[in-house]
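Student: Take this sequence and fold it.
(2 chains)
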Amino acid sequence: MSRDIEIAFPKGLRGQPFAEAVARLRVAADAPDALSYRGRLQALNDLSDRLLAPDVPMGSLSGAGVPFLAAFLRSSNLEHMVAREVALPESLERFTAVGRKSLRILPKGLACHWVAGNVPLLGMFSWALSALVGNVNVIRLSSRQEDLVTPLLQLLESASPEGRRLASETLVVFFDRDDAAAHGVMSEAADVRIAWGGKEAIEAIAALPTRWESETIVLGPRVSLAVVDPAHISDRTITRLATDIAYFDQLACSSPHYLFVKNDSGAASFDAFVDRFAAAFDAQARAIPRHPLDLSETYQIHLDRSRVLLDGGTLRRDDETKWTVALLESPSRTLTCANRFLEVVPFASFEEIYPHIPLNVQTIVTSLGTEDTETFTDRAARLGVCRFPSPGEGNHFESPWDGLPMISRLTRWALRTDARSQ
Amino acid sequence: MFLPGASPFSVEPDRKAEYLAGQLAMLLEHHRTRCPGYARLVEDWQRENARPLSSENYPFVPVTVFKEYDLRSTSDAVMDVKSSATTSGTSARIAVDKATGKRQNLSATKVLADFIGEKQRPYLVFDLERTVRGSESMSARGAAILALAHLASSFHFVMREQDGELVVDQQALTDALTSIGGEPFIAYGFTYLLYQAHEQLLDSSFALNAHRDSVFLHSGGWKKLIALAVDKGAFNSAIARPWGLAPANVIDFYGAVEQVGIPYPDCAQGLKHVPYWADVVIRRSDSLEPAPAGETGLLQLMNCLPLSAPNHSVLTEDMGRIVVEDGCPCGRRGKAFEFMGRAPRSEVRGCSDVPRH
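Tutor: As a prediction, this is how the structure comes out:
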């Protein structure tokens, strides 16, 4: 039974059984006055406005990646993402002629989001896309994590009438990680299951009982890197690259762990680039708050620094444990590379990089010349890379993500042969 | 190396700091010029540290390095001391040459004698004799057993192997107790082994008695005992009661394989004292800066004994806190600290992963 599923949002549904609360959400979404696609775009843009407004106190949200979310929620950004998959956005509202037939794109129904333990805001990205296409949503938080989602939904409620309506189609629930019964109830209710997190978490969610017709979107653990040519990167872009690494303490799947630097102009040029990058990394590491490292993480940084030195590498670092640039001849497979610890490796040819692209790769932040970009990204994409953003965009959530076209996976497509073509 | 006439815990803090600064500076040069790997670590450390050398400002090698790299400052080491099985499944190997071995023995004897007296006594060892045999390598358990060797008038190993498990050798124990007669003895066992042995003795109704000045020492992890919900009080009673001893006669000591020769027994206040030829600095999370008294952090352990490997200053994965800077009611001078177990492994955060190839 689902007796241990605790509803945190909306307030009015607190204490209600989970199944009843979900039923109310479904009814609201099917009502004749339900929000249109345009209304949903507007509601999400209103939330973005609220997040960017200087007079709105962020409280516990500050430092949680709110600027990324605010940028993501802009109508223009969401429309671009929809356009990558949906040729005619009108089809999200009504049957729309596509060639000889008409297409209607509908929500799947109930989307349930399992959010990664320590990055609660991640779930808001998949929630926004899901809500945009008309799904009702349940966001499950672990009972051990701080609820940053409810404050966001409260902001949405207060942003506009559309925002209030959209917020009313979302439940935030808590239950314990080990509560198998609660996980099962939520999983079987879902028309779409969206699992964020590390290997253990996503495997556990994927193994939950589910209906055969439901969709599962796994946004699992991934590794990212960066490839730059010092001849094609300005100081401003270097700062953006440092930001990609410093944000989320390098614990996001899109955080670069390795930086490959083109070194075809001699050691002096490479060293000069490393100096510029280390200065930018130092500045960004100081400017962007980091979670306080626990003793084990602190020890790990000291250990990894020692490993680099004993393996013949060199370090650029601060005198504490805020940031580390490890200069190595080739990537190490023993270093942890988290909490702002970056391996920097020179390369003369892209052929030196390809063997180091891991099977679980996600993003390669790229800053190369035009021809090099074409050559490198074509081969790297075939090796599994899903994204090639520019420096500064590494952590911008977008669709497709992890190679998955999110809008398509969150919707059901109905095709109609129109009367005139019969 | 040792100060003439000075007992381990009698040196006043200022004199100790001066002594340590000199010894540690000498050791830094000794290992830097003999161990290329250590030289690289020191070079990096010196780039970031212009302050004068002191215990608080001294490079420290993370203990895991000794599991992964062969760091040694001599080519003629006579023995490697290996750590027991760990979570990672890899053992640390520390090179020990003759000179270092002598220093370690003398050091351990001086420290332990301060707690249990200098007089040699029969030594009951709750382990196998072969644990201390071997000319090329020695386990951490073997090193701990031998830490008491100089205080032993005779050795009595009282365990045997049966179906791959260690069990009490009742005949050997009977013979040992007959030989000891009514004299006070010292006994040692790895914490869990000692507990297991006493569970077996209790089950077999073996008649035990001991002179009231007999002492049981033990060291090693508590993980298995915590799983059995056995705390320190229950452990001490379980060992002392069958022998008719007071629980205070059971003494836990902390030691690290990277710091052989420096046992840290509990004093009557339950604290661990640092002899004048060693030091302990608590390192803060998030910065590795020295933590003030009372604050919990990682234990950095230092001592002036090792000549054959740069394990004279190590950063452990263990937690502790300084309780007294000087003036423990037990009468021992200098820092006294509390050992607080292994730092918990970090919870996996976010959706980042390790590369799979």
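
Student: Could you list the low-pLDDT ranges of chain B?
Tutor: For chain B, applying pLDDT under 70 flags the ranges B:77, B:84-89, B:135-136, B:347-350, B:352-354.

Student: tell me the domain boundaries of chain A?
Tutor: A:6-220+A:402-421, A:223-382 (automatic domain parsing).

Student: Now for the closest residue to A:Leu51 other than its chain neighbours: which residues touch it?
Tutor: Ranked by CB to CB, 6 or more residues apart in numbering or on different chains and with sequence neighbours excluded, the top spatial neighbour of A:Leu51 is A:Ala70, at 4.0 Å. Placement of C-beta: from N, CA and C, glycine included. A:Ala70 makes contact with A:48, A:51-52, according to CB atoms under 8 Å, 6 or more residues apart in numbering or on different chains.

Student: Show me these that map onto helices.
Tutor: A:48, A:51-52 (DSSP state H).

Student: Any of the residues you listed buried? List them.
Tutor: With burial judged by 16 or more other CB atoms under 10 Å in any protein chain shown, the buried subset of the ones in helices among the contacts of A:Ala70 is A:48, A:51.

Student: Can you add pLDDT and distance to B:Arg141 and give the ones in helices among the contacts of A:Ala70 back as JSON lines?
Tutor: What follows is those, written out as JSON lines (pLDDT from 0 to 100; distance: CB to CB, whole Å):
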{"residue": "A:Ser48", "pLDDT": "96", "distance to B:Arg141": "62"}
{"residue": "A:Leu51", "pLDDT": "91", "distance to B:Arg141": "59"}
{"residue": "A:Leu52", "pLDDT": "89", "distance to B:Arg141": "62"}
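
Student: now the ones in helices among the contacts of A:Ala70 as a markdown table including distance to A:Thr216?
Tutor: Below are these laid out as a markdown table (distance: CB to CB, whole Å):
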| residue | distance to A:Thr216 |
| --- | --- |
| A:Ser48 | 29 |
| A:Leu51 | 30 |
| A:Leu52 | 34 |
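
Student: if you average pLDDT over stretch A:203-211, what comes out?
Tutor: Stretch A:203-211 carries an average pLDDT of 94.

Student: Name the nearest residue to B:Leu315, ignoring sequence neighbours.
Tutor: Nearest to B:Leu315 is B:Phe60, by CB to CB, 6+ apart, at 4.3 Å.

Student: Near chain A, which residues of the stretch 1-150 of chain B are found?
Tutor: B:37, B:40-41, B:44, B:48-49, B:60-62, B:64-65, B:68-69, B:71 (CB under 8 Å from any CB of the partner chain).

Student: Mark which of the residues you listed are part of helices, please.
Tutor: Cross-referencing the residues of the stretch 1-150 of chain B next to chain A against helices under DSSP H gives B:37, B:40-41, B:44, B:48, B:65, B:68.

Student: what's the most distant pair in the residues you listed?
Tutor: B:Glu48 and B:Glu68 (22.8 Å; CB to CB).

Student: which of the two has more neighbours?
Tutor: B:Glu68 (17 against 11; other CB atoms under 10 Å in any protein chain shown).

Student: so who does that one touch?
Tutor: B:Glu68 is in contact with A:307, A:310, A:334, B:90, counting by CB under 8 Å, 6+ apart.

Student: From B:Ala25, how far out is it?
Tutor: B:Glu68 is 27 Å from B:Ala25, where distance means CB to CB, to the nearest Å.

Student: got it, and B:Cys304?
Tutor: 11 Å.

Student: Would you mind telling me which of those two has more residues around it?
Tutor: It is B:Cys304, of B:Cys304 and B:Ala25, that has more neighbours when counted by other CB under 10 Å, with 25 against 14.

Student: can you list the weak-confidence ranges in chain A?
Tutor: In chain A (pLDDT under 70), the answer is A:1-3, A:57-64, A:117-120, A:143-144, A:420-422.

Student: A:Leu342 bridge partners, please.
Tutor: Counting by DSSP bridges, A:Leu342 forms beta bridges with A:Val325.

Student: ok, it to A:Ala326 distance?
Tutor: 7 Å.

Student: can I see the domain layout of chain B?
Tutor: For chain B, automatic domain parsing gives the domain ranges B:13-60+B:268-342, B:102-254.

Student: Check the offset of the first one from the chain's centre.
Tutor: Looking back up the chat, that one is domain B:13-60+B:268-342. Mean-position distance between domain B:13-60+B:268-342 and its chain equals 15 Å (CA atoms, centre = their mean, to the nearest Å).

Student: now the helices for chain B?
Tutor: B:13-34, B:36-48, B:65-68, B:98-116, B:140-146, B:170-180, B:191-203, B:223-227, B:232-240.

Student: So which of those is nearest A:Ala182?
Tutor: Judging the helices of chain B by CB to CB, what sits closest to A:Ala182 is helix B:223-227, at 27.9 Å.

Student: ok, and for the strand or helix carrying A:Ala226, which residues are buried?
Tutor: Using DSSP states H and E, A:Ala226 sits in strand A:223-228. Residues of strand A:223-228 classed as buried under the neighbour-count rule (16+ other CB under 10 Å) are A:223-228.

Student: what two of those are the furthest from one another?
Tutor: Across the buried residues of strand A:223-228, the longest distance by CB to CB is 17.5 Å; it joins A:Val223 and A:Val228.

Student: coming back round to it: return the most buried member of the helices of chain B.
Tutor: Of all those, helix B:140-146 carries the top mean neighbour count, a mean of 23, counting by mean count of other CB atoms under 10 Å in any protein chain shown.
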